[in-house]
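[1] have a look; sequence and predicted model below, questions after that.
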Amino acid sequence: MMNCSVNNHATADSCQFQTGAIEPPLGAELTTLLRKNAAIYCEAEGGCHGIDHADRVAATAIHIGKAMNGRLDIISGAAILHDIGRKDESASKGEICHAVRGAELARPILLDHGFKRDDIDKICHCIATHRFRGTNLPLSLEAKILFDADKLDSIGAVGIGRAFLFAGQIGAKLHNHEINIHATAPYSSEDTAYREFRLKLCKVRERMLTPIGQQLADDRHQFMKVFFNRLEIEINGGAPDVQGC
């Protein structure tokens, strides 16, 4: 279980950042402009990957960045724009990587808003590697922080909410404990939040790249275990979840 003060500070930073109580690293005006640009792409996706997701990722990334002395301007710009390539990935049915495409789309946006070319390169590296596939590794501290912040938004209480939101969007069931989840397909009626937890979310904490990200992930992982164990008990009439995670 993680240090409670770390978790409380993360929550406080997130709330204050989103309400404007904390001055954004890029300033209020530039942050607003970048959010408007991001919203053009993100709102088309809606649900799990709307602009609210970018806001939460930015708040978490800034919290981690403060503690690790990362460049908050790079972190903030990358977090706001990190998912703008998702529309193209969805349209291509996965043929296009949204992280790589997002970096391509972010470059002219950042140029238009007066970012230095060296900083644009740093921000685009963060965006291009936040998905962490194959050899496309997050090499800078800021890229590792964005990676962790993005993954943290997929677990814990928010992760549970997003998993059920996604299941509802695709018409999946609430839960089906009689089905072998390893024999089910994504984007089907059996693609439940429980399936998402067992096949993906319970493995997220193993992929954290920063010590603070690891602390936060451990805490959120434990919360998910308690929740999905309770769901299993209520669904099947009292027997606990026997699948370890």
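    Done, it's in. Residues are numbered from 1 along each chain as shown.
[2] tell me the buried residues in the helix or strand containing Ile64?
    In this assignment (DSSP states H and E), Ile64 forms part of helix 51-68. Going by neighbour count (16 or more other Cβ atoms under 10 Å), the buried part of helix 51-68 is 51-65, 67-68. C-betas here are computed from N, CA, C, even on glycine.
[3] same question for stretch 82-101.
    Applying 16+ other Cβ under 10 Å to stretch 82-101 flags 82-89, 96-101 as buried.
[4] okay, now the residue nearest to Arg71 when sequence neighbours are not counted: neighbour count?
    Of all residues not flanking Arg71 in the chain, Glu142 sits nearest, at 5.7 Å (Cβ to Cβ, 6 or more residues apart in numbering). Counted with other Cβ atoms under 10 Å, the neighbours of Glu142 add up to 27.
[5] so what's Glu142 up against?
    Residues near Glu142 by Cβ atoms under 8 Å, 6 or more residues apart in numbering: 65, 70-71, 74-75, 78, 122, 126.
[6] low-confidence ranges, this protein, go.
    1-22, 44-47, 134, 239-245 (pLDDT under 70).
[7] what about the longest helix in it?
    In terms of residue count, the longest helix belonging to the chain (DSSP state H) is helix 211-235.
[8] quick one, it and helix 51-68 angle?
    Orientation of helix 211-235 against helix 51-68 (axes from the mean of the first three to the mean of the last three Cα atoms, to 10 degrees) gives an angle of 140 degrees.
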